[in-house]
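> Okay, predicted coordinates and the sequence, questions at the end:
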Amino acid sequence: MKKDKVRSKKREYDTCSITMELEKPLLYEEEQAEIEKKRKKLKKQSINRTIIKTILILLICSVLGFFIWLTSYYAPTSEAESYLKTDDSVEVSIDKNFICFTPKNITPTKGFILYPAAKVDAKAYAKLCKMISEQGYQVVAVDMPLNFSAFGKNKANEVIQKYSNIEHWAIGGDSLGGLVATRYVNSNPEKIDGVVLISSYPSDSYLKEVNMNVLSIWGSKDGVIDFQALIDAKEKLPQKTTYVEIEGANHSQFGDYGKYKDDESALISEEKQQQKTVDSIVQFLENIN
């Protein structure tokens with residue numbers, strides 16, 4: 001009887017041991033599967049973190065690059081700075097972001113608002129503006145936020161409000177400044193009587209639709225402007241538009257800030273190029289009414 005009990009216990013023990021041994025591989029596989037699952041999850045999380053970090057780094061680099069691009073600009077030369085002083089014929093004042101040139105001994109009734117080229121300080125156009133003002137016109141060069149005209153399209157409103165004595169206004173700009181000036185006119189046609197495009201052209205036909213007075217000036221050695229686009233833009237301008245090509249002039253010498261990137265070398269002096277520009281603008285202003 002005792003032998004049977006011993007034999008029975010031994011079989012129970014043996015059966016349990018066998019079952020455990022049989023279950024071991026199953027338990028091991030489940031553990032391994034769980035470990036592998038966690039490993040893949042951690043790997044995926046690591047990859048996602050790497051992707052997010054990479055995107056953030058690229059975004060930060062892009063923002064910094066764009067900020068550096070915006071904050072780097074073409075500063076006025078010492079010659080341009082010398083024209084920011086009042087003399088016997090023109091009073092020069094800087095009011096907020098406006099560089100104002102007011103002729104003395106005459107009350108002007110016509111004015112000209114100038115928007116600068118992209119990344120060019122408005123002071124670089126001091127000589128050009130002062131020479132125009134000497135002929136009896138109120139001239140204001142608008143210093144744009146971050147030297148980018150697109151950020152200050154409606155600045156002309158403040159100028160017009162400031163000089164309520166002016167009966168007729170012309171607005172214009174150099175390169176991008178000219179394009180932005182045309183967009184201002186699109187929104188405020190009743191305030192403007194003429195548009196001056198320097199190395200520039202409009203993006204639409206609005207000036208043609210309202211039959212605006214337009215003067216288009218450019219240099220034959222301009223290395224920045226798209227000449228094909230300039231030619232095509234004639235279809236967007238009124239038939240009465242006055243076109244002036246200055247032979248040998250480049251993109252940079254309409255202002256005093258050095259040489260614009262990718263521009264060609266001019267074949268005429270800066271003085272000669274600016275004088276021809278002034279003569280054309282003054283004649284244009286004389287005919288506005």
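Thanks, I have it. Numbers count the residues shown, from 1 in each chain.
> which ones are touching Ala266?
219, 221, 248-250, 252-253, 273 (Cβ atoms under 8 Å, 6 or more residues apart in numbering). For every residue, glycine as well, the C-beta is placed using N, CA and C.
> Show me these that map onto strands.
Counting by DSSP state E, the part of the contacts of Ala266 found in strands is Gly219.
> Widest-spaced pair of the contacts of Ala266?
Maximum pairwise distance in the contacts of Ala266, criterion Cβ to Cβ, is 12.9 Å, between Gly248 and Ser252.
> between those two, which one's more packed in?
Ser252 (29 against 16; other Cβ atoms under 10 Å).
> Touching, that one and Asp262? I think so.
No: in this structure, Ser252 is not within contact of Asp262 by Cβ atoms under 8 Å, at 10.2 Å.
> Which elements pack onto the host helix or strand of Ile160?
In the assignment (DSSP states H and E), Ile160 maps to helix 155-162. If contacts are counted by 3 or more Cβ pairs under 8 Å, 6 or more residues apart in numbering; DSSP states H and E, helix 155-162 sits against strand 98-103, strand 110-115, strand 138-142, strand 168-174.
> Could you list every helix and strand in contact with the longest one?
Spelled out, that is strand 168-174. Looks like strand 168-174 contacts strand 110-115, helix 155-162, helix 176-187, strand 194-198, helix 270-286 (3+ Cβ pairs under 8 Å, 6+ apart).
> Could you dump the ones you listed into JSON lines with distance to Arg39, mean pLDDT and mean neighbour count added?
Converted to JSON lines, the helices and strands packed on strand 168-174 look like this (distance: least, Cβ to Cβ, whole Å; pLDDT from 0 to 100; neighbours: other Cβ atoms under 10 Å):
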{"stretch": "strand 110-115", "distance to Arg39": "61", "mean pLDDT": "98", "mean neighbour count": "26"}
{"stretch": "helix 155-162", "distance to Arg39": "61", "mean pLDDT": "96", "mean neighbour count": "17"}
{"stretch": "helix 176-187", "distance to Arg39": "55", "mean pLDDT": "97", "mean neighbour count": "22"}
{"stretch": "strand 194-198", "distance to Arg39": "66", "mean pLDDT": "98", "mean neighbour count": "26"}
{"stretch": "helix 270-286", "distance to Arg39": "70", "mean pLDDT": "98", "mean neighbour count": "18"}
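> Now distance to Thr77 too, for those, in JSON lines please.
Listed next are the helices and strands packed on strand 168-174 as JSON lines, based on distance: least, Cβ to Cβ, whole Å:
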{"stretch": "strand 110-115", "distance to Thr77": "17"}
{"stretch": "helix 155-162", "distance to Thr77": "24"}
{"stretch": "helix 176-187", "distance to Thr77": "18"}
{"stretch": "strand 194-198", "distance to Thr77": "18"}
{"stretch": "helix 270-286", "distance to Thr77": "10"}
